[in-house]
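Colleague: Fold the following.
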Amino acid sequence: MFAAAAEALGFTVDDLSTAQVRYLPGRSIVAQYRSRITQRDGTEATPMLVAASGVAVPEGTLQLTDADGTGIALWRFPFDPHLPGLAAATSPTRATELLARLGAPTTEVRLRVRAYRATRRAVVEAAGSSGTVFMKVLRPSRVQALQERHALLAPHVPIPQSLGWTRRLGILAMQAMPGLTLRRSLEVAQPHQPAPAALVALLDALPELDENAKPVASAHERFDDHSRLIAAVLPESRSLLDSLREHLAACGSEEAPATVHGDFHASQVLVEDGAIVGLVDVDTVGLGQRSSDYASLVGQLATLALLADEPKPLEEYIDLLLDDFDGRIDPRILRARTAFVIAGLATGPFRVQAADWPSETMRRLELALVWAAGAK
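Modeller: This next block holds a predicted model:
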């Protein structure tokens, strides 16, 4: 693809490897590639390249059409047509100017891209003389809603303070938070960890939302999407997926709607000396069921334990969480929902193109079935 478009792109590709794939079978695919390129002036560079199909792109984006008439859009990081602020956030000169306008002046800035999901979002860390700021880059149509969510949540929970935002570029600048993620704290076996009750209190502190707030689907409600992807790329998984599907009914709950984080896991909670000092990535906050937040946390930790060289600290913490959570919600529902969180995470090895993603996917599905059986 990139060879066919070399003249229009202004570079030739010397080396290419897949870094990430977001695939919705029958609908769309967005692939990110690590690359080594030679530019028109003869210099080499190593940008992320992106190819997307089935995704509407703004006019002016370079597109190819294959022999079947399928349109494929191509671009080079940071020139994502859906994220017009990304080029500014990753340019030292423009980032310095932007931070000054947003009230965080600095004489110099060191930039580090912490996350990039093509067409959706990016996070850029900017370290300067006035401290460290994180710039979240979104589609411009979505940044105001995120700013309003931060304003709503900030009086209640320890989230990053918004330092300012720009609708035109789709950028929200946020303060850096102290501490380690709970995940990292467990992985390095810190001597103190937050009590499960502290995590519950953190979620309980989320403010009440009105009935028109965004609904948050639980992992079991997204199982059709997850299973469709896994079955498409790994047909030998279908018997495991069919077995899991038999456990969907066990996820039913009569819980009243509550404010939930929506993606609550150990990388979203910041801790210091065993105390919770921060909660991040609140984009997903909405109305859902609290048991889904509990299951999300347990399911992610169970998946990490499956992969860890030293799983014991993770497994011990899972046991602590279950001892507490089992007294708050039906233990059978918690385990069933945890199973479908793990099943959702089974899409991860393919998405990041892990070296042995088929076997990693199967291991996660097998673990999900163990938890589903535990619901009985």
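
Colleague: What's the separation between residue 332 and residue 371?
Modeller: As defined by CB to CB, to the nearest Å, residue 332 lies at a distance of 11 Å from residue 371. (Each C-beta comes from the backbone N, C-alpha and C, glycine too.)

Colleague: Show me which of those two is the more surrounded one.
Modeller: residue 371 (24 against 15; other CB atoms under 10 Å).

Colleague: Please, which helix or strand holds the residue lying closest to the more buried one once chain neighbours are set aside?
Modeller: Distances taken as CB to CB, 6 or more residues apart in numbering place residue 339 nearest to residue 371, at 3.9 Å, with adjacent residues excluded. Using DSSP states H and E, residue 339 sits in helix 331-345.

Colleague: what does residue 52 give?
Modeller: Counting by DSSP H and E, residue 52 is found in strand 48-53.

Colleague: and the helix or strand following that strand, average pLDDT?
Modeller: Next along the chain after strand 48-53, taking DSSP H and E as the criterion, comes strand 63-65. Across strand 63-65, the average pLDDT comes to 94.

Colleague: which outside residues touch strand 63-65?
Modeller: 1, 4, 5, 57, 71, 72, 73, 74 (CB atoms under 8 Å, 6 or more residues apart in numbering).

Colleague: Now secondary structure too, for these, in JSON lines please.
Modeller: Formatted as JSON lines, the contacts of strand 63-65 follow (DSSP: H, G, I helix; E, B strand; the rest coil):
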{"residue": "1", "secondary structure": "coil"}
{"residue": "4", "secondary structure": "coil"}
{"residue": "5", "secondary structure": "coil"}
{"residue": "57", "secondary structure": "coil"}
{"residue": "71", "secondary structure": "strand"}
{"residue": "72", "secondary structure": "strand"}
{"residue": "73", "secondary structure": "strand"}
{"residue": "74", "secondary structure": "strand"}
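
Colleague: And those residues, which is closest to residue 175?
Modeller: residue 57 (33.1 Å; CB to CB).

Colleague: Burial check on the closest one, number of neighbours?
Modeller: Neighbours around residue 57, by other CB under 10 Å: 17.

Colleague: Grab the nearest non-local neighbour of it.
Modeller: In space, residue 57 is closest to residue 73, 4.5 Å off (CB to CB, 6+ apart).

Colleague: go on, residue 33?
Modeller: residue 49 (4.5 Å).

Colleague: what sits against that neighbour?
Modeller: Taking CB under 8 Å, 6+ apart as the test, what residue 49 contacts is 2, 13, 16, 32, 33, 35, 37, 74, 75, 76, 77.

Colleague: do the same with residue 142
Modeller: Counting by CB under 8 Å, 6+ apart, residue 142 has contacts residue 170.
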